[in-house]
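Asks: Make a model of this:
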Amino acid sequence: MWHWFDHPGFSLPVVRRRLGEELLDLVQMTAKLLATQGRSFMWNRSFPSTLAYDGARRRLYKAGLVAYRRGAGKEPVLRLTAKGERATDDIFRPERWWQRRWPGIWYLMVYDIPETQRSYRNVLRHFLRRLRIGRLQGSVWITPRDIRPEYDDLVKAAGIKSYAYLFEARTVLGLPTEQVVRSAWPTDLLEQCQQWYCENARRNWDALRLKQLPQKSLWACARETNRAFRAVMALDPLLPKALWPDGYRGAEVIAWHRRLLGELAGQLE
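Replies: Model prediction:
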């Protein structure tokens, strides 16, 4: 039996996916990829105004987060939507993040949410991770991306101003940028995963090009390729190129993924 992405001493974090979601991912990826080749392919406590609140709530919902206020002095509520759990778009278009210019400013969000609001705190952490913001220390989160709009929406729709502050900084205790990146994101694990993916993708590509695999196994390859790619990209902060640490292989991962799916698409037509 052919093991598409396998290594005896290494395994990726498990990403559980429903078949329908996998199909949507594959269609999204391959449709964009193959359209450029001229082919089509389908797989068989602070709310300034009601207006401001409603607008912020809509934007957060679109970003994958439900936020709403409650009466009788109760704290506001945060909840992730199914879209927020999936968060597929960024991983299929990483170049739009890599190519952004970094003006040398870090955005640091610092919060202190009481234990009685554990659910609120946990959802906020999940949302920050979904935005690929790095956890520098404890409740100190950092990103090179200007998150003032997201923070403002959280202030208006979710009362985050009661718990948090957002700072701009040009340096973090005088640390070099690569050290900041490596402190805030799991770069060592990411680089291991990227190497693992590229090595397996190259092996599978060679087998496909040599027509060594039976037609009936190609769909399994497509599914496993996408699962492995998602697991690797889940770790990637998608930083601007100016902040890439030595050893980062994100561009190589996306190139191999597109190449492999393109070959699979051609053989499955």
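
Asks: quick one: Arg135 from Glu252, how far?
Replies: Distance, Arg135 to Glu252, by CB to CB, to the nearest Å: 26 Å. Just so you know, the C-beta spots here come from the backbone N, C-alpha and C atoms, and that holds for glycine as well.

Asks: ok, now which ones touch Leu154?
Replies: Neighbouring residues of Leu154 by CB atoms under 8 Å, 6 or more residues apart in numbering: 56, 60, 67, 160, 164.

Asks: swap the cut-off to 6 Å and go again
Replies: For Leu154, the contact set (CB atoms under 6 Å, 6 or more residues apart in numbering) comprises Ile160.

Asks: Following element in sequence after the one helix or strand it maps to, please.
Replies: For Leu154, the enclosing helix or strand under DSSP states H and E is helix 148-158. Going down the chain from helix 148-158, the next helix or strand is strand 164-169, by DSSP H and E.

Asks: Partner strands of that following strand and their direction?
Replies: Each strand paired with strand 164-169, and its direction, by DSSP bridges: strand 106-111 (antiparallel).

Asks: I'd like to check the angle between the partner strand and helix 148-158, please.
Replies: 20 degrees (axes from the mean of the first three to the mean of the last three CA atoms, to 10 degrees).

Asks: Next secondary structure after strand 106-111?
Replies: By DSSP H and E, the next helix or strand past strand 106-111 is helix 118-130.

Asks: Alpha carbons only: can I get that next one in PDB?
Replies: In PDB, the C-alpha atoms belonging to helix 118-130 read as follows (Å, rounded to 0.1, in the frame of the first residue of the first chain):
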ATOM      1  CA  ARG A 118     -12.800  31.500  31.000                       C
ATOM      2  CA  SER A 119     -15.000  30.700  28.000                       C
ATOM      3  CA  TYR A 120     -14.700  34.300  26.700                       C
ATOM      4  CA  ARG A 121     -10.900  34.100  27.200                       C
ATOM      5  CA  ASN A 122     -10.600  30.800  25.500                       C
ATOM      6  CA  VAL A 123     -12.500  31.900  22.400                       C
ATOM      7  CA  LEU A 124     -10.500  35.100  22.200                       C
ATOM      8  CA  ARG A 125      -7.300  33.000  22.200                       C
ATOM      9  CA  HIS A 126      -8.600  30.800  19.500                       C
ATOM     10  CA  PHE A 127      -9.600  33.800  17.500                       C
ATOM     11  CA  LEU A 128      -6.200  35.400  17.900                       C
ATOM     12  CA  ARG A 129      -4.600  32.200  16.700                       C
ATOM     13  CA  ARG A 130      -6.900  32.100  13.800                       C
END
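
Asks: Tell me which residues of that helix come out buried.
Replies: 120-121, 123-128, 130 (16 or more other CB atoms under 10 Å).

Asks: Closest one of these to Arg182?
Replies: Distance to Arg182, by CB to CB, is smallest for Leu128 among the buried residues of helix 118-130, at 18.5 Å.

Asks: wait, isn't that closest one in contact with Trp141?
Replies: Yes. Leu128 is within contact range of Trp141, at 5.3 Å (criterion: CB atoms under 6 Å).

Asks: just to revisit the earlier point, any chance of the buried residues of helix 118-130 in JSON lines, plus distance to Arg202 and pLDDT?
Replies: Shown next, in JSON lines, are these (distance: CB to CB, whole Å; pLDDT from 0 to 100):
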{"residue": "Tyr120", "distance to Arg202": "45", "pLDDT": "81"}
{"residue": "Arg121", "distance to Arg202": "42", "pLDDT": "86"}
{"residue": "Val123", "distance to Arg202": "39", "pLDDT": "82"}
{"residue": "Leu124", "distance to Arg202": "40", "pLDDT": "86"}
{"residue": "Arg125", "distance to Arg202": "36", "pLDDT": "88"}
{"residue": "His126", "distance to Arg202": "34", "pLDDT": "82"}
{"residue": "Phe127", "distance to Arg202": "36", "pLDDT": "83"}
{"residue": "Leu128", "distance to Arg202": "34", "pLDDT": "89"}
{"residue": "Arg130", "distance to Arg202": "30", "pLDDT": "83"}
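
Asks: now, among these, which is nearest to Ala222?
Replies: Of the buried residues of helix 118-130, the one sitting nearest to Ala222 (CB to CB) turns out to be Arg130, at 25.5 Å.

Asks: Cool, thanks, talk later.
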